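Asker: build me a model:
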Amino acid sequence: MRMVNSGSSDVRGDKEESEVPFDPDATGVIPRLTFDEEPSGRGPGQSSGEPAGDEAPAERADDKGDGAVSDGEASADDGDDDRAADQTATFRIPSALHIGRPPTAKEAADLSTAGTVSMPVLSEPETAEDGPGPEDDTAAGAAEATRAVSRASVALGADAPGGPQAEDGSSSAAPVAEPAPTPASTPAPAPAATPERAPESGAASAPAAAPIVAPAAAPEPAVEPVPVAAPAPAAASAPAAAPKGGVMGRIGALVASAPKWLPVLLVLEGLVMYVLALKVPPGPFRGVDPSKIDGLGLISALPPTAFLAILIMIVSFFVTVAQSTDRKFLLLFQIAAITFALHGAGALVASEPRFPTAYIHAGFVEFISRTGESAISIDARMGWPGFFALFAFVTKAAGIEDMTTILQWTPLLSNLLYLLPFVLILRQVVATTRARWFAALLFVLVQWIGQDYFSPQGFTFALYLAWVAILLRWFGRVEPRTKPIPPKGLRKLIGRLDAMTPGELANTGTFRADKLLMFMLLVALFLASVASHQITPFMMLGVLTAFLIVKRTSLTWALPFFLGLAVLAWISYMTVGFWSSQIDAIFGGLGNILQNLRSNTGDRIEGSDPAHALVLQARLGILVVILSLAATGLVRRLRRGVFDRSALILLCVPVLALGLQSYGGEIGLRIYMFALPGACLLAAYAFFPNLPADSADVREETVPLRRRNVRFDPQLTKKLSVVLAACFAVLFAFAFLMARYGNEKFERVTTGEVEALHHVYANDKPSARVLYLVPKLGREVTPTMPWGERDVEIVSFNVQALVHKDPTQIADAVKALQEQPRNSYLMVSRGQVSYLQLNEGYPADWGERFRAALDASPDLKRVYSNPDAALYTWKKFVRGTETPEPRPYKTPRGEPTSPWTPVGIAALGLTWATLFGYEVIRLNGPNRARKARRRLLYLAIPSFVVAFAVIIERFLYIAANN
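Answerer: Model prediction:
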């Protein structure tokens, strides 16, 4: 019997195919029986290229040991997860067994030496009158062949995937001993072997089979023939081995099938338990009381059953991922359930949509839907109106007037949407099933920054993930290094990295029409992000450029120039109203890496409340841990000879944004969000760094090239990896609740706050102003209230009122209100007071005492009040003063321009047309239409220079004249 690994593509030295002992748990190979006759002159289990004797088994054992573990872990610890259905091992059996003729003694010898487990064999009955002769010798050979077939069938059953196996993949079936011969079944004496029969007799008496020893020549006794019904005892024992019927049998079958139904039951149980724990009225072990939320955030008010439900769902995930099959739909559902529990907690608890900034974005949508245009003079974000225009079209077409439900569930829907392209990205990396799904779980657990609310950055992040997925899936490129490695220096290190196994899968073939369609989708996604967000296009452009530098995409350098020109053109021509008067604010932060880093880390960990300081430190802790795991995963993959260029690019490219500007003090959060895909993938390799098992489908599987000696038990390291990954997942899940909802005391929006602002919207004609509280005057301070939900061109939120820790000092706030015209309101809300208490150290009773001081002021009048908010206005105005008209959002004389603008627009059109045509022709192959592509480049290069020069000229000319 010979086993051939038909799906292996491993190369060791000059040997093209190495044969290893069949081990389903280590290689993921499923046996397949083929029937072809073994050539003569070759022993069983020995191929034509193997040495005779014990050399081949020793080599197989050495191969298994080298490939099993690297750095203390089995390289196959994850291989069983990725075994494909077409992976096979071949058992060669003499063709006589399936054509119906009796096997020869040589074939019987082959089978007897291949068997490893013996079983009872019934010998043919013989009469006393039979003596030694040719017929008897033939009968003895047939009996020996029958024994060999029986032993081979037992060995095949033990090696089959469905047969009983030990944890290490070896057969766990105990050998069945042959029964002692009884006088009634003692065989007749066998004749002495003649010289010409010696080879067959020797072959038939191989050590693996226990031959029936015949006594020496003796008188022929009268032996009663054995009846044909002699096999009855063996047949009678068969029902005893069958599964027990009745209740106990059903229970045993149910327990045996637990790996199939237990994960489903656990995740459903955890999901139902979690919803009930958060939605039922507050009690000892259920419900959420918002009044108990303190500096730790929502986690301080969650009941214990909520934590238990999250733990059950995570355990369900790891029970599934530890199995030998890739249950894609179940794993995706489990991750979606965990996403619902973590990212949907705010929607389940809050009565109003959380996070105040979401309301101003809803106001932009309402404005565009009502007026049909955007206005950059109202807010700079209106200069990138793609996201707002999309939802304005959707809400108007669907007849949606109240966006409360959309705002409330957008964070959950956004994270579920992120999973789809990220899973597609994971399918294009060379990793085991456990590594891929654990990376997807990490992506959900460590995304605490909360940029997934109703916002352009949350929407364009989904576009970014889809962009990367298309680049890897349809335009991926993996080419082995053919150049020799330099002898020394930095070039030697780069050459060694380049010669390692790629961590990505190449695009093995796509129809031209599919490539053209995906290329157009790639351009459309980029242009949509250009029109919707300021940072995302630069992240996309950086990833594309890095892929081109490290040769991981089949696209050309024409595309970065095409897309980069689109970004510059949008800024220069479409947002001129934003940058024309504040060039210093836009470009002042370029290159100030340390200052930008300080404004996004150091400034955000300052705080006076001890509990809230733990929240800020937990956020930095998650960042440090995930980056440490990513570095560990990168090192472990490098030690296995794998270089994950794409994952490293996705991690490092967003960090370059520190050289741009502080982005309102939030550039660090944007960098963390865009670096998450690469960080999570590399962090998963810290636990599951090994390569998957080999397969016939090379796009999905590969085999390790670097092998090391076994240091620990492979089964032990496999189990330890899963346990450690589960522990880190639970740690990240509970830390997520603290980091994500740590600001819940002031980011939570109450019904009273919303109703107070609705009072303003009901009395904002012809205009209105709302003053918000700040501990110090300055820019980049966002109101901690649900501001701007309606009438964004009428109601202004640009005035600040300075307050102090002493709640009786209201002079500055009163003066700020006095300087404003009629219909101006000073708003005191629960969210603003909570922000001052947690981040600025204001007293716990500051809000009540401050409102009491305002009520006692003779110059102020309270026009609206509820437990969560109050509105104050000036009591007496000078007679004859009227409420002013709102500031016009249209520029009377139009947007400023420059003399060379028409030339620049014409050059832009020509450049885009030529570069797009060049890239489309190049999709058909590198050697297609070389002359046409060269002519297009001759047109594109000068037109690009002219278009770029006009963009620079516009910045200089307009900034100097405005």
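Asker: hey, where'd the strands end up in the protein?
Answerer: 30-35, 69-70, 73-74, 88-93, 501-502, 642-643, 768-774, 795-802, 824-829, 860-866, 869-874 (DSSP state E).
Asker: of all those strands, which one comes closest to Trp261?
Answerer: Closest to Trp261 of these is strand 30-35 (CB to CB; 23.8 Å). Where C-beta positions appear, they are placed from N, C-alpha and C, glycine not excepted.
Asker: returning to that earlier point: mean neighbour count, mean pLDDT and distance to Pro353 added to the strands of the chain, as CSV?
Answerer: Putting these into CSV (neighbours: other CB atoms under 10 Å; pLDDT from 0 to 100; distance: least, CB to CB, whole Å) gives the following:
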stretch, mean neighbour count, mean pLDDT, distance to Pro353
strand 30-35, 14, 38, 52
strand 69-70, 24, 38, 50
strand 73-74, 25, 40, 46
strand 88-93, 21, 40, 56
strand 501-502, 20, 88, 45
strand 642-643, 22, 90, 44
strand 768-774, 22, 94, 19
strand 795-802, 18, 92, 18
strand 824-829, 25, 95, 15
strand 860-866, 16, 94, 18
strand 869-874, 22, 94, 16
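Asker: turn those strands into JSON lines, columns for distance to Val624.
Answerer: Below are the strands of the chain laid out as JSON lines (distance: least, CB to CB, whole Å):
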{"stretch": "strand 30-35", "distance to Val624": "43"}
{"stretch": "strand 69-70", "distance to Val624": "27"}
{"stretch": "strand 73-74", "distance to Val624": "25"}
{"stretch": "strand 88-93", "distance to Val624": "46"}
{"stretch": "strand 501-502", "distance to Val624": "29"}
{"stretch": "strand 642-643", "distance to Val624": "25"}
{"stretch": "strand 768-774", "distance to Val624": "32"}
{"stretch": "strand 795-802", "distance to Val624": "35"}
{"stretch": "strand 824-829", "distance to Val624": "35"}
{"stretch": "strand 860-866", "distance to Val624": "43"}
{"stretch": "strand 869-874", "distance to Val624": "39"}
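Asker: which of those sits closest to Ser943?
Answerer: Of the strands of the chain, nearest to Ser943 by CB to CB is strand 501-502, at 36.9 Å.
Asker: Val280: which of the strands of the chain is closest?
Answerer: Closest approach to Val280 among the strands of the chain is made by strand 860-866 (26.3 Å; CB to CB).
Asker: could you check the angle strand 869-874 makes with the closest one?
Answerer: Angle between the axes of strand 860-866 and strand 869-874 is 160 degrees (criterion: axes from the mean of the first three to the mean of the last three CA atoms, to 10 degrees).
Asker: and strand 860-866, what does it pack onto?
Answerer: helix 751-762, helix 846-856, strand 869-874 (3 or more CB pairs under 8 Å, 6 or more residues apart in numbering; DSSP states H and E).
Asker: partners of it in the sheet?
Answerer: Using DSSP bridges, strand 860-866 pairs in its sheet with strand 869-874 (antiparallel).
Asker: restricting to C-alpha, output the partner strand in PDB.
Answerer: The C-alpha atoms that make up strand 869-874 are tabulated as PDB, following Å, rounded to 0.1, in the frame of the first residue of the first chain:
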ATOM      1  CA  ALA A 869     -31.400  71.500  29.500                       C
ATOM      2  CA  ALA A 870     -32.300  75.100  29.900                       C
ATOM      3  CA  LEU A 871     -32.300  78.100  27.600                       C
ATOM      4  CA  TYR A 872     -31.600  81.700  28.700                       C
ATOM      5  CA  THR A 873     -31.900  84.900  26.700                       C
ATOM      6  CA  TRP A 874     -31.300  88.600  27.500                       C
END
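Asker: who's in contact with it?
Answerer: If you take CB atoms under 8 Å, 6 or more residues apart in numbering as the criterion, strand 869-874 is touched by 750, 752-753, 755-756, 759-760, 785, 817-818, 820, 822-830, 851, 854, 859-865.
Asker: out of the helices and strands packed on strand 860-866, deepest packed?
Answerer: Mean neighbour count (mean count of other CB atoms under 10 Å) peaks for strand 869-874 among the helices and strands packed on strand 860-866, with a mean of 22.
Asker: between that one and strand 824-829, how big is the angle?
Answerer: For strand 869-874 against strand 824-829, the angle by the same axes, to 10 degrees is 150 degrees.
Asker: quick one: strand 869-874 to strand 795-802, angle?
Answerer: Relative orientation of strand 869-874 versus strand 795-802 (the same axes, to 10 degrees): 90 degrees.
Asker: report the angle between strand 869-874 and strand 768-774.
Answerer: Here the directions of strand 869-874 and strand 768-774 differ by 110 degrees (the same axes, to 10 degrees).
Asker: contact partners for Glu504?
Answerer: Contacts for Glu504 (CB under 8 Å, 6+ apart) come out as Gln428, Val429, Val430, Leu472, Gly476, Val478, Arg552, Asp644, Arg645, Ser646.
Asker: excluding chain neighbours, give the residue nearest to it in space.
Answerer: Closest residue to Glu504 apart from its sequence neighbours, by CB to CB, 6 or more residues apart in numbering: Ser646 at 5.0 Å.
Asker: and Leu490, how far from Leu497?
Answerer: Per CB to CB, to the nearest Å, Leu490 is found 11 Å from Leu497.
Asker: now Ile485: phi and psi?
Answerer: Backbone geometry at Ile485, expressed as degrees, to the nearest 10, gives phi -80, psi 130.
Asker: thought it was touching Leu497?
Answerer: No - judged on CB atoms under 8 Å, Ile485 makes no contact with Leu497 at a distance of 9.9 Å.
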